[in-house]
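Engineer: Requesting a structural model of the entry that follows:
(chains A and B)
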Number of protein chains: 2
Amino acid sequence: MVALTSTPTPDADNERTLKLRRIALDTHGERVAVLNRRCALFHVERFQALARLEVRCGEQSLIAVLVIADDAALVDPDEVGLSAQCLTQLGASEGDRVAIHPPPRIPSLSAIRRKIGGEVLGEADYRAVVEDIVSGQYSKTELTAFVVACAMDGLERDEVVHLTRAMADAGRQLTWPRPLVVDKHCIGGIPGNRTSMVVVPIVAAHGLLMPKTSSRAITSPAGTADTMECLARVDLTLAEMRAVVETQGACICWGGAMALSPADDILISVERPLSLDAETQMVASIISKKVAAGSTHVLLDIPVGATAKVRSMERARRLAKLFRYVAGQLGLTLEVATTAARHPIGRGVGPALEARDVMQVLRSEEHAPRDLLQKSLELAGRVIEFDPDVPFGQGYALAREILESQRALDVMQGIVQAQGPRPMPELGRLTHEVCAPGAGRLAPLDNFLIARLARAAGAPFVRGAGVDVLVAADDRVTEGQPVLRVHAGTDAELGFAIDMLEAHPDLVTVEA
Amino acid sequence: MVALTSTPTPDADNERTLKLRRIALDTHGERVAVLNRRCALFHVERFQALARLEVRCGEQSLIAVLVIADDAALVDPDEVGLSAQCLTQLGASEGDRVAIHPPPRIPSLSAIRRKIGGEVLGEADYRAVVEDIVSGQYSKTELTAFVVACAMDGLERDEVVHLTRAMADAGRQLTWPRPLVVDKHCIGGIPGNRTSMVVVPIVAAHGLLMPKTSSRAITSPAGTADTMECLARVDLTLAEMRAVVETQGACICWGGAMALSPADDILISVERPLSLDAETQMVASIISKKVAAGSTHVLLDIPVGATAKVRSMERARRLAKLFRYVAGQLGLTLEVATTAARHPIGRGVGPALEARDVMQVLRSEEHAPRDLLQKSLELAGRVIEFDPDVPFGQGYALAREILESQRALDVMQGIVQAQGPRPMPELGRLTHEVCAPGAGRLAPLDNFLIARLARAAGAPFVRGAGVDVLVAADDRVTEGQPVLRVHAGTDAELGFAIDMLEAHPDLVTVEA
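Structural biologist: Below is the predicted model of the structure:
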């Protein structure tokens, strides 16, 4: 092609750049570029259909979502506004000049369109999609399209393997100097249920290596990382985590800083708001994290109950089969424990309340919640049985002995000291009690509604907020006896919780 | 349930409100609420998982997407920032106090989850979804989930009917005082191809009522509304539109202000960036708009070609069948014209360039693009045959006679005067020519790439920007003969076009 330019060639550097300005906006992890509607270079609406543009500064570039500002208080027509994080990524400072370009085509999007069209995708497709997700190329709309297409299609089991492997490979891969590296994971959905913080010290006391990385809550009222943070620092660097594991045989820290399967964190940010719990995505999410974390043996807890994520044993069996297949293809030994989950487990729901329960169990206090104690021992026993020297069926007794002798408590205290102890947050001082409407047996509490109530009150962001369940399911109550105590930090947040209780007057019911 | 509050009751009005501040941000039609990270009422992160919150002011409320500001230049901890449009919607002013609440549950989302699970949805489901879309309840993520789920599922044809009817019913419904109200619509994808602006005056000159409402371009380089706006005002109120139609028998105006099938405009804003052209969504979109606009007879143009949306006659036939079925169920007579589309139609691509072509055809200028003339006459002839007094096969001759006698030009001038004439925008003064790389026959130009090139140059936002196609497909060229002339308004935008040309060196090719 012969190209002739008949008007003066644009002087690319001077006529096509804007001045950087730092803006302090946070839009849920999406990178944002703010342009003035009267931008000096072009009609900003041109970027509106795709909602994105590329900012280039020397060799560095990033894709950002366009936000248009109508006055110069934010950015002038000669400026582009970026967050401090984006400036760092570009290696640029306020006042530097950057070029703005239409967003590049993303070839992997064609794979998503093929999936929407019903095609089975191959390993290369999943690798390309996951790489582009991790490098921040996809908008929320495109991420949603991928997640929904996978959920709807169901994916063939080998597609789940491809997706899982691509996700595990796309981030950091930890390795440990022992052949047996154990972990325990729950698919979630049950408030309280903070078993990991009991299981880890028991298993470590037995002598198995259990470097536990956990997530923070996204739509639940507490993650293990949020709860552990009531006792100790959890945002460890990799070097700090290794040092803790070396001396304690275990850790309980936040995985977010480790870049383990980072695609998972990004996909979850669209799955959770949609309440999409597609099995295939769940399997890829969990197994990719475990493989990246260097686990060799994982016990997976699948709670089954009327208000749990999995509501029938048949579905639990099908899900367990898929988990085992995918884990096997990735070289991971995975066992499944299907557990009863009619009701929240433990008493507290919310970081500080759950940390309190965990410590009661570890201290073998008489008042410790029995369901949390029992379930933790069963799971710890199963994990201990990954040890080839422990005969099948002997794990539970070993776990109980370790707990009762306070050796697990010692390990927990060692982990807390090694990670950096923190003062336990106070419980939210504004409280509201929900009492039994009559005498009789307390009906099981809806897992989903209790989780929402604790979040309404401020959990997990307010560490001391949440719900204290004062009566166990099936226990007898008298009329007017307090059943739930909501803890909140501000009037507005206690108000949100009370609004929710008013919308669900049957949350606490009593059977004759 | 007996509820006891054991701490002081929150004083709902004083402790749970923030002060309104107007902020001038535009985020692609999504309503945005800006909160300071150190908000006085609660941890703002609590709203982050769902990314939304509800703002209430007296009886009014709206759902907005949360943006967190890290400094007080935007909003103070005691404030919430909303756009002027949101303030109007709330009937509130800067300084008023508003309450912030968690977003309400949206019951229709369960229908989307059922669709993702593979269920066939019923009429009530589609009505609920469409109503919630129109009232602004859905986030972009949720809109995407709906669109992808429908695209992937394919939808049964009666589901398309339910969706279409719900969309048509969800906005304004126009009625006209004549039994026969005709329209013509193209499914899009072909640059240039501005036949409506020729067909409407021909058909009106014949005496049929043709009140044409058109869209603006979203991802294409020009919509009929953008192109007509080079000649006349198009953002008419409904009363103004009726007045034009009463005196002229037709109009060519922008439908956006009429609230015809408003769900369609919202769904398109996520479909287009994904390049999702699902047939079912296309059918619901087009037919709901036509039914809402009060059309009784519609001619639908389905261009077929290697770089068109529809690439085979088989697919065109299948699509036509679905269009006819759904139209029939909604009481609309619909005929389909499948037209050849190897190449852009007309010479200009971009609003002013296309308006120039249209006027050349209406003035029967010798230099007028023959393909645009020919196709417009064929379509106008088919529309005229909706007139029961016109025998089958006679429409084309009638259309040609009307055009050649300049009666169509007279009607167009009448429409322009009635809508309010505007001066034709100048063509972009910065130009760049692409020349033939050798001698021979010009190969058909890729419809998709020509559209992208015109957009890169600034069309449709810069009215005079775009691409002038100087040689028709299959015409003979000499080496170095100009084939395309790009018009842009700024150096940056000409640069975007040149960047795109460099990425596609085979755009202009010559066959021996």
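Engineer: Helices of the stretch 301-450 of chain A, residue ranges please.
Structural biologist: A:313-329, A:351-362, A:370-384, A:395-404, A:407-419, A:447-456 (DSSP state H, counting those that start in this stretch).
Engineer: and the third one, what other elements does it pack with?
Structural biologist: Packing partners of helix A:370-384 (3 or more Cβ pairs under 8 Å, 6 or more residues apart in numbering or on different chains; DSSP states H and E): strand A:182-186, helix A:196-206, strand A:297-304, strand A:333-340, helix A:351-362, helix A:395-404. The way it works is simple: take the backbone N, C-alpha and C, and place the C-beta from them, glycine included.
Engineer: isn't A:Gly414 right next to A:Glu246, touching?
Structural biologist: No - judged on Cβ atoms under 8 Å, A:Gly414 makes no contact with A:Glu246 at a distance of 11.9 Å.
Engineer: ok, the two, which is more surrounded?
Structural biologist: Using other Cβ atoms under 10 Å in any protein chain shown as the criterion, A:Gly414 and A:Glu246 rank with A:Gly414 on top: 18 against 14.
Engineer: residue in the stretch 51-200 of chain A nearest to chain B?
Structural biologist: A:Asp70 (3.5 Å; Cβ to the nearest Cβ).
Engineer: what's the neighbour count on A:Ser312?
Structural biologist: Using other Cβ under 10 Å: A:Ser312 sits among 12 other residues.
Engineer: Next: the one 10 residues further on.
Structural biologist: By other Cβ under 10 Å, 17 other residues sit near A:Leu322.
Engineer: Look up the pLDDT of A:Phe146 for me, please.
Structural biologist: pLDDT recorded at A:Phe146 is 96.
Engineer: rewinding a little: so of the helices and strands packed on helix A:370-384, which one's packed in deepest?
Structural biologist: helix A:196-206 (a mean of 28; mean count of other Cβ atoms under 10 Å in any protein chain shown).
Engineer: the inter-axis angle of that helix versus helix A:351-362?
Structural biologist: 40 degrees (axes from the mean of the first three to the mean of the last three Cα atoms, to 10 degrees).
Engineer: which residues are contacting helix A:196-206?
Structural biologist: For helix A:196-206, the surrounding residues in contact (Cβ atoms under 8 Å, 6 or more residues apart in numbering or on different chains) are A:182, A:184, A:186, A:210, A:212, A:214, A:224, A:227-228, A:248-250, A:252, A:355, A:358, A:361-362, A:372-373, A:376-377, A:379-380, A:383-384, A:387, A:398-399, A:402-403, A:407-412, A:415.
Engineer: how about 7 Å then?
Structural biologist: A:182, A:184, A:210, A:212, A:214, A:224, A:227-228, A:248-250, A:252, A:358, A:361-362, A:376, A:379-380, A:383-384, A:387, A:398-399, A:402-403, A:407-408, A:411-412, A:415 (Cβ atoms under 7 Å, 6 or more residues apart in numbering or on different chains).
Engineer: Packing partners of the helix or strand following it?
Structural biologist: Once helix A:196-206 ends, the next helix or strand along the chain (criterion: DSSP states H and E) is strand A:210-214. Packing partners of strand A:210-214 (3 or more Cβ pairs under 7 Å, 6 or more residues apart in numbering or on different chains; DSSP states H and E): strand A:182-186, helix A:196-206, strand A:250-254.
Engineer: Just put the ones you listed in a markdown table and tack on mean pLDDT.
Structural biologist: As requested, these are exported to a markdown table (pLDDT from 0 to 100):
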| stretch | mean pLDDT |
| --- | --- |
| strand A:182-186 | 98 |
| helix A:196-206 | 98 |
| strand A:250-254 | 97 |
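Engineer: I'd like to know which of the ones you listed is closest to B:Leu82.
Structural biologist: strand A:250-254 (34.4 Å; Cβ to Cβ).
Engineer: ok, longest strand in chain A?
Structural biologist: Counting residues, the longest strand found in chain A (DSSP state E) is strand A:60-69.
Engineer: Show me how far that one is from its chain's centre.
Structural biologist: Offset of strand A:60-69 from its chain centre (Cα atoms, centre = their mean, to the nearest Å): 26 Å.
Engineer: With stretch A:391-410 instead?
Structural biologist: Worked out by Cα atoms, centre = their mean, stretch A:391-410 lies 29 Å from the chain centre.
Engineer: could you give the mean pLDDT of it?
Structural biologist: 97.
Engineer: again, but for stretch A:33-41
Structural biologist: On average, stretch A:33-41 scores 89.
Engineer: now stretch A:498-509
Structural biologist: 96.
Engineer: what about that stretch, near chain B?
Structural biologist: Yes - using Cβ under 7 Å from any Cβ of the partner chain, we find that stretch A:498-509 touches chain B at A:Leu501, A:Pro505, A:Val508.
Engineer: can you tell me the distance between the two ends of that stretch?
Structural biologist: Start and end residues of stretch A:498-509 are separated by 17 Å (Cα to Cα, to the nearest Å).
Engineer: again, but for stretch A:300-312
Structural biologist: Terminal-residue distance, stretch A:300-312 (Cα to Cα): 17 Å.
Engineer: try stretch A:64-78
Structural biologist: Start-to-end, stretch A:64-78 (Cα to Cα) is 18 Å.
Engineer: which parts of it are buried?
Structural biologist: A:Ala64, A:Val65, A:Leu66, A:Val67, A:Ile68, A:Ala69, A:Leu74, A:Val75, A:Asp76, A:Asp78 (16 or more other Cβ atoms under 10 Å in any protein chain shown).
Engineer: which of those residues lies closest to B:Ala293?
Structural biologist: A:Ile68 (30.3 Å).
Engineer: tell me the contacts of the closest one?
Structural biologist: Taking Cβ under 7 Å, 6+ apart as the test, what A:Ile68 contacts is A:Leu35, A:Arg37, A:Val44, B:Asp26.
Engineer: Up against chain B, what does the stretch 201-350 of chain A have?
Structural biologist: Going by Cβ under 7 Å from any Cβ, the residues of the stretch 201-350 of chain A near chain B are A:Ile218, A:Thr219, A:Val270, A:Arg272, A:Pro273, A:Leu274, A:Ser275.
Engineer: Mind checking what secondary structure A:Phe146 has?
Structural biologist: The assignment at A:Phe146 comes out as helix when based on DSSP: H, G, I helix; E, B strand; the rest coil.
Engineer: was I right about it contacting A:Arg114?
Structural biologist: No - using Cβ atoms under 7 Å, A:Phe146 makes no contact with A:Arg114, being 11.5 Å away.
Engineer: For these two, work out which one has more neighbours and name it.
Structural biologist: A:Phe146 (26 against 14).
Engineer: quick one, what contacts the more buried one?
Structural biologist: So A:Phe146 contacts A:Ile112, A:Val129 (Cβ under 7 Å, 6+ apart).
Engineer: switch to 10 Å and redo it
Structural biologist: Contact analysis of A:Phe146 by Cβ atoms under 10 Å, 6 or more residues apart in numbering or on different chains lists A:108-109, A:111-112, A:115-116, A:129-130, A:132-133, A:138, A:163, A:267, A:270, A:281, B:144, B:148.
Engineer: and what of A:Gln329?
Structural biologist: A:Arg157, A:Asp158, A:Val160, A:Val161, A:His162, A:Thr164, A:Arg165, A:Ile287.
Engineer: If we use 8 Å, what do you get?
Structural biologist: By Cβ under 8 Å, 6+ apart, the neighbours of A:Gln329 are A:Asp158, A:Val161, A:Arg165.
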